[in-house]
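Trainee: With the sequence up front, the predicted model follows.
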Amino acid sequence: MENKKQNSIEIIRITFEQMMKEFHRILLKYDFTPEKANICARIFAESSLDGIYTHGVNRFYAFIKYIKEKCINVHAEPEKKNSIGAFEQWDGNLGPGPLNALKCTDRSMELAKEFGIGCVALSNTNHWMRGGTYGWRAAKAGFVFIGWTNTIGIMPAWGAVDSRLGNNPIVLGLPYNDEAIVIDMALSQFSYGKMEIAKSKAVPLPVPGGYNKDGVMTTNAAEILESGRPLPIGYWKGAGLALLLDILASVLSGGFPTHEISKHKYEHGISQVFIAIDLSKLGANSVISSTINQIIENYHSSIHESESVEILYPGERVLNTRKENLLHGIPVNKTIWNKILTL
């Protein structure tokens, strides 16, 4: 086990197997079945393995807290409430968000196998944790994936100072050789998890991520968290996209929009959409792989602004991080890990 200090934060390395074992133990304690505990533990551990610590190991303690406070019903099962050909509406019954999202991802792929495209809109669910989990799963199975979720109001509309918009993460993925190209992004310039990390390390954000309490753009994450005014990506464009994703998620699922979800303390009863497209059913499917390879080859041949800059496609950094963490262990804040061990 390797230890090192990062700006007074002690970082330890935990193996993937050790993390899985602890998560599984804790989930069994909180009444998950062995199968569900294994699936959920793997989702949290794989997110951490891939470097998405904010929605992996760093979020696990809060996940258990939501269970304790009965925001999450570990016994609930999602159920279909309406079906129209390749489109279905499901009710998550406030079950564990990652398990509900996984079920709907798989169902969208089943529909896509039958119809070429499948869409599942999910209401009444909980936080899905790392959205990329579902993009990677579908893309590795040979599907194009598009999915998004609404959230509580944590981002102001463009020109406003109070938070009426969710940062409504969206995920897009497609197969790429033996892996995938996956983008998983919140519609705020930086997710709240990343700003919390920057705050804890006392390091500036690489570009302005929001406003301080005086209405001045800043790279100081602590000031942005204090003001509650993160920037939407693309300024007014990102704010508009966040609004439309909220409308579509709530309308398609028949679930709650952001302003209703925001009445709760946590992201509880949220709405999500999962779309899969079966590439094998496309007329030119035989050339899809070569087309993608040519696009990425051209992309990688970009002229670098400096030797230190890497030109990476979405998901490429994840692959590098995964290899490093498998080799050396997953870096974890020791304080966070010790809290988890008390559960």
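Mentor: Thanks, I have it.
Trainee: Residue 167: what secondary structure?
Mentor: coil (DSSP: H, G, I helix; E, B strand; the rest coil).
Trainee: So it sits against residue 155, correct?
Mentor: Yes - assessed by Cβ atoms under 8 Å, residue 167 is found in contact with residue 155 at 5.0 Å. Placement of C-beta: from N, CA and C, glycine included.
Trainee: Need the residues touching each of these two.
Mentor: 187-188, 230, 232, 242 (Cβ atoms under 8 Å, 6 or more residues apart in numbering).
Trainee: Can you list which of those are found in strands?
Mentor: Counting by DSSP state E, no part of those is found in strands.
Trainee: Export those as TSV, with columns for distance to residue 293, pLDDT and neighbour count.
Mentor: Output for these, formatted as TSV (distance: Cβ to Cβ, whole Å; pLDDT from 0 to 100; neighbours: other Cβ atoms under 10 Å):
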residue	distance to residue 293	pLDDT	neighbour count
187	30	97	28
188	33	96	28
230	36	96	26
232	33	96	25
242	33	98	29
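Trainee: Which pair of the residues you listed spans the longest distance?
Mentor: 230 and 242 (11.0 Å; Cβ to Cβ).
Trainee: hey, where'd the strands end up in this protein?
Mentor: 3-6, 9-14, 79-84, 87-91, 117-126, 143-149, 155-156, 163-165, 170-176, 179-185, 210-211, 217-218, 268-278, 330-333.
Trainee: The ones you listed: which one's closest to residue 52?
Mentor: strand 179-185 (7.9 Å).
Trainee: Would you mind listing the residues in contact with the spatially closest residue to residue 110 that is not a sequence neighbour?
Mentor: For residue 110, ignoring the flanking residues on the chain, the nearest one in space by Cβ to Cβ, 6 or more residues apart in numbering is residue 118 at 6.7 Å. By Cβ under 8 Å, 6+ apart, the contact list for residue 118 reads 86-88, 107-112, 275-276.
Trainee: Now with 7 Å, please.
Mentor: For residue 118, the contact set (Cβ atoms under 7 Å, 6 or more residues apart in numbering) comprises 86, 108-112, 276.
Trainee: Any idea what it is bridged to?
Mentor: residue 276 (DSSP bridges).
Trainee: now it: how far from residue 77?
Mentor: Using Cβ to Cβ, to the nearest Å, residue 118 is found at 20 Å from residue 77.
Trainee: Residue 162 too?
Mentor: 37 Å.
Trainee: what do you get for residue 197?
Mentor: For residue 197, the distance to residue 77 (Cβ to Cβ) stands at 34 Å.
Trainee: ok, now residue 145?
Mentor: For residue 145 relative to residue 77 (Cβ to Cβ), the value is 23 Å.
Trainee: what about the two, which has more around it?
Mentor: residue 145 (28 against 13; other Cβ atoms under 10 Å).
Trainee: any idea of the pLDDT on the residue nearest to the more buried one when sequence neighbours are not counted?
Mentor: Distance criterion Cβ to Cβ, 6+ apart; nearest residue to residue 145, sequence neighbours excluded, is residue 138 at 3.7 Å. Model confidence at residue 138, given as pLDDT, is 98.
Trainee: With residue 97 instead?
Mentor: At residue 97, pLDDT is 98.
Trainee: thinking again about what came up before, which ones are touching the residue nearest to residue 145?
Mentor: Here residue 138 is in contact with 105, 109, 145, 173, 276 (Cβ under 7 Å, 6+ apart).
Trainee: Same question for residue 242.
Mentor: Shown in contact with residue 242 (Cβ under 7 Å, 6+ apart): 155, 165-168, 187, 232.
Trainee: redo that, cut-off 6 Å
Mentor: 165, 168, 187 (Cβ atoms under 6 Å, 6 or more residues apart in numbering).
Trainee: any idea how far it is from residue 318?
Mentor: Residue 242 is 24 Å from residue 318, by Cβ to Cβ.
Trainee: Tell me, how many residues neighbour the residue lying closest to residue 231 once chain neighbours are set aside?
Mentor: Nearest residue to residue 231 in three dimensions, chain neighbours excluded: residue 189, at 4.4 Å (Cβ to Cβ, 6+ apart). Per other Cβ under 10 Å, the neighbour tally for residue 189 reads 24.
Trainee: so residue 189 makes contact with residue 209?
Mentor: Yes - the pair residue 189 / residue 209 is scored as a contact, 4.7 Å apart, by Cβ atoms under 6 Å.
Trainee: joint contacts of the two?
Mentor: Common neighbours of residue 189 and residue 209 (Cβ under 6 Å, 6+ apart) are residue 231.
Trainee: Which segments of this structure make up each domain?
Mentor: According to automatic domain parsing, the chain is divided into the following domains: 3-69+320-341, 79-185+236-280, 189-231, 286-315.
Trainee: what number of residues lie near residue 12?
Mentor: Using other Cβ under 10 Å, residue 12 has 17 neighbouring residues.
Trainee: can you put the contacts of residue 242 in a markdown table and add distance to residue 226?
Mentor: Formatted as a markdown table, those follow (distance: Cβ to Cβ, whole Å):
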| residue | distance to residue 226 |
| --- | --- |
| 165 | 19 |
| 168 | 22 |
| 187 | 21 |
